[in-house]
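Peer 1: Take this sequence and fold it.
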Amino acid sequence: MTRSPTAITERIDAATGGLRMRRLRQSDWSRRLVRETALGVNDLIWPIFVREGGGEPQPVASMPDVFRFSVEDCVEAAKRARDLGIPVIALFPYTDPDKRDEGGSEALNEDNLVCRATRAIKDAVPEVGILCDVALDPYTSHGHDGIMEGDRILNDESIAVLCQQAVVQAKAGCDILGPSDMMDGRVACIRAALDQADCRDAMIMAYSAKYASAFYGPFRDAVGSGGMLKGDKRTYQMDYGNTDEALREAAQDLAEGADMIMVKPGLPYLDVLTRLARELGVPTFAYQTSGEYSMIMAAVQNGWLERDKAIVETLSAYKRAGAAGILSYFSPHVAQMLKDGR
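Peer 2: Numbering: from 1, shown residues only. Next up, the predicted model:
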């Protein structure tokens, strides 16, 4: 027997007390009015790959619409970031193989790619913040983030080099140092080295919960370390089964002097992001990794996803989970969308 609409209405009103949740969803303006989480341009950090030489930007094959820029092009990208309102860009170098060695010595060169790009950007666009990675994998011939002895990554010896790298980058004009190496105790040592070098204003955004992930492959192609990596990074990057460990790592980094913390990758670790943001109450960032980017772009190119909707929905998930900001290769596209009111 089919119930009449009146009977159904009475049943619904009795069950809900007259509350109709769809009332707030019936119009665009009402949806916007009560939206709990909103993605804005101030949430975006734009990762940029820098290379030697001039000429046209070089496409990264595994990352559609992402390029390696010359130093001059990095300056133009920074100007674009300024015009779009993106507050920070992050620089990652593609280091020529002949400049790589076992100890990552090019990281300490005051005239290396990152330092030259940083100085050029600060001269031309001082109002845009610069985040630099503190790790040795773009500079080592073995592709690891630290110094190796046989098959073992040496913790303390690696930190000694990372401290020098951080000071070199800060003196070049870097605003935020991002230790992504996951060595124990590196934040305290880097903070002390920066303070001793009279770089007290340089901030530290620690990659506190960086997991040994399958989502880094395209990035390693972009910086030229993918084919060089010997073994894996599971002895120093985190096990993807752990969340308590992430809380301990982040708390330790904060105790050692980190100003901000980060979770990487982002989307597969939203639970970790939420827990750190809620329990620690500090600016907590997430990195939408190269693998996440390339998955979305592959689906878009195959017609399986609508690009703009998929991007905004994904980045909004980071915000909903508690991210203060997001490192995303989609940043300039999203910033343009927001500027255009799309």
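Peer 1: When you work out contacts or count neighbours from here on, use the C-alpha atoms and nothing else.
Peer 2: Will do.
Peer 1: Give me the three-state assignment for the residue nearest to Met297 when sequence neighbours are not counted.
Peer 2: Excluding its sequence neighbours, the residue lying closest to Met297 (C-alpha to C-alpha, 6 or more residues apart in numbering) is Pro64, at 6.7 Å. Here Pro64 is recorded as coil under DSSP: H, G, I helix; E, B strand; the rest coil.
Peer 1: Pro47 too?
Peer 2: Strictly by three-state DSSP, Pro47 counts as strand.
Peer 1: if I pick the closest residue to it other than its chain neighbours, what's in contact with it?
Peer 2: Residue nearest to Pro47 in three dimensions, not counting chain neighbours: Ala90, with 4.4 Å by C-alpha to C-alpha, 6+ apart. Ala90 sits next to 45-48, 130-133 when contact means C-alpha atoms under 8 Å, 6 or more residues apart in numbering.
Peer 1: Now do the helix or strand encompassing Ala90, average pLDDT.
Peer 2: Here Ala90 sits within strand 88-93, counting by DSSP states H and E. Averaged over strand 88-93, pLDDT sits at 98.
Peer 1: swap in stretch 209-219?
Peer 2: 96.
Peer 1: Can I get the strand holding Ala90 in CSV, CA atoms only?
Peer 2: C-alpha atoms of strand 88-93 as CSV (Å, rounded to 0.1, in the frame of the first residue of the first chain):
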residue,chain,number,x,y,z
VAL,A,88,54.6,31.6,-0.4
ILE,A,89,56.4,29.6,-3.1
ALA,A,90,58.6,26.6,-2.4
LEU,A,91,61.8,26.0,-4.4
PHE,A,92,63.1,22.6,-5.3
PRO,A,93,66.2,22.2,-7.5
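Peer 1: top helix in the chain by residue count?
Peer 2: In the chain, with assignment by DSSP state H, the single longest helix is helix 155-172.
Peer 1: Who are the packing partners of it?
Peer 2: helix 113-124, strand 129-134, strand 147-149, strand 176-179, helix 186-196 (3 or more C-alpha pairs under 8 Å, 6 or more residues apart in numbering; DSSP states H and E).
Peer 1: re the thing from before, which residues does the residue nearest to Pro47 form beta bridges with?
Peer 2: With DSSP bridges as the criterion, Ala90 is bridged to Pro47, Leu131.
Peer 1: where's it relative to Gly104, distance?
Peer 2: Plainly put, Ala90 is 20 Å away from Gly104 if you go by C-alpha to C-alpha, to the nearest Å.
Peer 1: How about Asn112?
Peer 2: With C-alpha to C-alpha as the criterion, Asn112 and Gly104 are 12 Å apart.
Peer 1: Can you report how many residues lie near Leu267?
Peer 2: Each residue near Leu267 was counted by other C-alpha atoms under 10 Å, and the total is 20.
Peer 1: Distance-wise, check it relative to Gly173.
Peer 2: Counting by C-alpha to C-alpha, the gap from Leu267 to Gly173 is 31 Å.
Peer 1: which other helices and strands contact the host helix or strand of Glu245?
Peer 2: Here Glu245 sits within helix 244-255, counting by DSSP H and E. Contacts defined by 3+ C-alpha pairs under 8 Å, 6+ apart place helix 244-255 against strand 203-210, strand 260-264, helix 270-280.
Peer 1: Mind putting those into a markdown table with distance to Ala188?
Peer 2: Listed next are the helices and strands packed on helix 244-255 as a markdown table, based on distance: least, C-alpha to C-alpha, whole Å:
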| stretch | distance to Ala188 |
| --- | --- |
| strand 203-210 | 10 |
| strand 260-264 | 14 |
| helix 270-280 | 18 |
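Peer 1: and Asn242, which of those is closest to it?
Peer 2: helix 270-280 (8.9 Å; C-alpha to C-alpha).
Peer 1: Show me what that closest one is packed up against.
Peer 2: Checking 3+ C-alpha pairs under 8 Å, 6+ apart, helix 270-280 ends up next to helix 244-255, strand 284-287, helix 307-321.
Peer 1: Can you dump the C-alpha atoms of it in PDB for me?
Peer 2: Extracted in PDB, the C-alpha atoms of helix 270-280 (Å, rounded to 0.1, in the frame of the first residue of the first chain):
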ATOM      1  CA  LEU A 270      44.000  13.200   6.500                       C
ATOM      2  CA  ASP A 271      43.400  11.300   9.800                       C
ATOM      3  CA  VAL A 272      47.000  12.200  10.800                       C
ATOM      4  CA  LEU A 273      46.500  15.800   9.700                       C
ATOM      5  CA  THR A 274      43.300  16.100  11.800                       C
ATOM      6  CA  ARG A 275      44.900  14.600  14.800                       C
ATOM      7  CA  LEU A 276      48.000  16.800  14.800                       C
ATOM      8  CA  ALA A 277      46.000  19.900  14.100                       C
ATOM      9  CA  ARG A 278      43.500  19.300  16.900                       C
ATOM     10  CA  GLU A 279      45.800  17.900  19.600                       C
ATOM     11  CA  LEU A 280      48.800  20.200  19.100                       C
END
